[in-house]
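Chemist: build me a model:
(one chain, ligands or ions: 1)
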Amino acid sequence: MDGKADGRKPTARSPTTWPGHTGERPRGLGIPSGKGHSPSLAPWAVNPEAPTPVRRLLVVGAGIMGAGVAAQAALVGWSVDLYDVNQGFLDRGMASLHHDLEALRERGTLSPEERERAESRIRPTLSLECARDAQVVLEAAPEQLGLKRGIFEELDRRAGPETLLASNTSSLSITALASATSRPERVVGIHFFNPVLRMKLVELIPGLLTEPGALARARAFAEGLGKTVTVSQDVPGFVTSRAMAVLVNEAIWMLQDGVATREDIDQAHRLGFHHPMGPLELADLVGLDTLLSVLERLYTGFRDPKYRACPLLVNMVEAGRLGRKTGQGFYPYGAPRPRARVVGSPPP
Ligand SMILES: NC(=O)c1ccc[n+]([C@@H]2O[C@H](COP(=O)([O-])OP(=O)(O)OC[C@H]3O[C@@H](n4cnc5c(N)ncnc54)[C@H](O)[C@@H]3O)[C@@H](O)[C@H]2O)c1
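Modeler: Down below sits the predicted model:
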């Protein structure tokens, strides 16, 4: 529900009270300290005096990003439905978020009870029926326009009229996704970064028809998860993926041309530019299939050859060497995990 409903404007930087949290928490996870919080002024709160309503998020796609966002939202008190197309992918997503939350517990950032409580708020599901009860739906399916448009069509049929429909796309047109629905004014890009629990940024992308109220809700949602937002226009790759894809693609060209070894290319970026990881390591983290989709979107969107994907990248995707998620990319990562496959044919 928009803040408009009770005559208040949606507040972008409202402090919020989350259920079930007390005591100081380390910064950076978005977990509120429980001290100094005023009643919820989030845009979906009807009455700031009333108990905080159950906040329900549906995440569509339990891959790298979907599992990460589910964990982050559950940590701050959201009830999360995590959807995927088959049980194997759901199990993998739940295992991956368990692993990430367990790592925080081991580091002392989370208590065992907090980890358990967060996981208990996440319900894996093979049905999209729960879209009806969600205040926010975040789509995190593979980076393919036809597939995502099909998902938005279905979400439009199932979600309540007030539900905010969001996409985690790295590069695709929010306007094109929104046009698959009957409510383009309530569709927005909410672009999280990998790994979600660690990365502070969320890039917001309003489509051409997105209402300011929907953008404000997206901002409140992301900030409520402890993130800092920037806003970008709806152009291919927005700000972040456009810059990242060019750098990483260039590194792959250098590897293909034999300019340096993979280790030296990465080392040069880490030590020469103070990057936390080299571009080839970053490619493996992001997923080579996702990186290739982003480059193709930039190439066709801008019709500019500077975005032409390096043939080595194309071949690696063809070979199924997608990076960490398959156990092998530019570097090996031990036992391969089951490969995510696109299920469901894109609409014509
Ligand atoms: N990987 C990154 O670093 C990163 C960062 C920011 C944004 N993104 C974006 O997030 C989105 C997801 O990327 P990812 O890396 O998590 O991908 P992924 O391949 O790890 O996961 C995608 C998930 O979607 C599921 N899926 C397949 N078909 C589906 C369907 N029809 N309906 C619902 N789910 C379906 C797959 O089973 C898989 O679990 C993409 O749009 C990507 O561009 C990725």
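Chemist: burial check on the closest residue to C310 other than its chain neighbours, number of neighbours?
Modeler: Leaving aside its chain neighbours, C310 sits nearest to I252 (4.3 Å; criterion: Cβ to Cβ, 6 or more residues apart in numbering). For the C-beta atoms, the positions are set from N, CA and C on the backbone; glycine is no exception. Neighbour count of I252, defined by other Cβ atoms under 10 Å: 25.
Chemist: swap in D264?
Modeler: Applying other Cβ under 10 Å, we find 13 other residues in the vicinity of D264.
Chemist: that older thread, OK, contacts around the residue nearest to C310?
Modeler: Taking Cβ atoms under 8 Å, 6 or more residues apart in numbering as the contact definition, I252 lies against 279-280, 283, 310, 312-313.
Chemist: measure it to the ligand for me?
Modeler: Remark: distance between I252 and the ligand (Cβ to the nearest ligand atom, to the nearest Å) = 16 Å.
Chemist: work out for me the element that residue sits within.
Modeler: In this structure, I252 sits in helix 240-257 according to DSSP states H and E.
Chemist: my guess is C310 contacts V248, does it?
Modeler: No: when contacts are counted by Cβ atoms under 8 Å, C310 is not listed as touching V248 (9.4 Å).
Chemist: neighbour count: these two, which is higher?
Modeler: Neighbour count, other Cβ under 10 Å: between C310 and V248, V248 has more, with 24 against 20.
Chemist: my read is that the more buried one contacts L282, right?
Modeler: Yes: applying Cβ under 8 Å, one finds V248 in contact with L282, separated by 5.9 Å.
Chemist: now do the residue of the stretch 51-200 of the chain at minimum distance from the ligand, the pLDDT please.
Modeler: Across the stretch 51-200 of the chain, the shortest distance to the ligand (Cβ to the nearest ligand atom) belongs to G63, at 1.7 Å. Looking at G63, its pLDDT reads 97.
Chemist: residues in contact with it?
Modeler: Residues touching G63, when contacts are defined by Cβ under 8 Å, 6+ apart, comprise 84, 89, 93, 140-142, 325, 340.
Chemist: and if you look at R262?
Modeler: By Cβ under 8 Å, 6+ apart, R262 lies in contact with 255, 280, 330-331.
Chemist: generate a PyMOL selection restricted to the buried subset of those residues.
Modeler: The buried subset of the contacts of R262, as determined by 16 or more other Cβ atoms under 10 Å, is captured in PyMOL by this line:
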select buried, resi 255+280+330
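Chemist: show me the contacts of R262 that map onto helices.
Modeler: Using DSSP state H, the subset of these located in helices is 255, 280.
Chemist: strands along the stretch 1-150 of the chain, start to end?
Modeler: Read by DSSP state E, counting those that start in this stretch, the stretch 1-150 of the chain holds these strands, from start to end of the chain: 56-60, 79-83, 122-125, 136-139.
Chemist: for the closest residue to L208 other than its chain neighbours, grab phi and psi.
Modeler: Closest residue to L208 apart from its sequence neighbours, by Cβ to Cβ, 6+ apart: T175 at 4.4 Å. Here is the backbone geometry of T175 (degrees, to the nearest 10): phi -60, psi -40.
Chemist: surely T175 and L209 touch.
Modeler: Yes: using Cβ under 8 Å, T175 is in contact with L209, at 6.9 Å.
Chemist: overlap in contacts, those two.
Modeler: With Cβ under 8 Å, 6+ apart, T175 and L209 have common neighbours P184.
Chemist: hang on, the earlier thing: ranking the strands of the stretch 1-150 of the chain by burial, who's on top?
Modeler: Across those, averaging neighbours per residue (mean count of other Cβ atoms under 10 Å) puts strand 56-60 on top, at a mean of 27.
Chemist: ok, residues contacting that one?
Modeler: Counting contacts by Cβ under 8 Å, 6+ apart, the residues touching strand 56-60 from outside are 66, 69-70, 73, 78-83, 128, 130-131, 133-141, 151, 155.
Chemist: considering only those, which also neighbour the ligand?
Modeler: Restricting the contacts of strand 56-60 to those within reach of the ligand (Cβ under 6 Å from any ligand atom) leaves 66, 140-141, 151.
Chemist: who wins on neighbours among the residues you listed?
Modeler: For these, neighbours were counted by other Cβ under 10 Å; the highest total belongs to A140, with 30 neighbours.
Chemist: quick one, what contacts that residue?
Modeler: By Cβ under 8 Å, 6+ apart, the contact set of A140 is 59-61, 63, 65-66, 69, 168.
Chemist: for it, grab phi and psi.
Modeler: As for A140, its main-chain torsions (degrees, to the nearest 10) stand at phi -140, psi 50.
Chemist: just the helices in the stretch 101-250 of the chain please.
Modeler: Defined through DSSP state H, counting those that start in this stretch, the helices belonging to the stretch 101-250 of the chain, from first to last, are 112-120, 145-158, 174-178, 212-224, 240-257.
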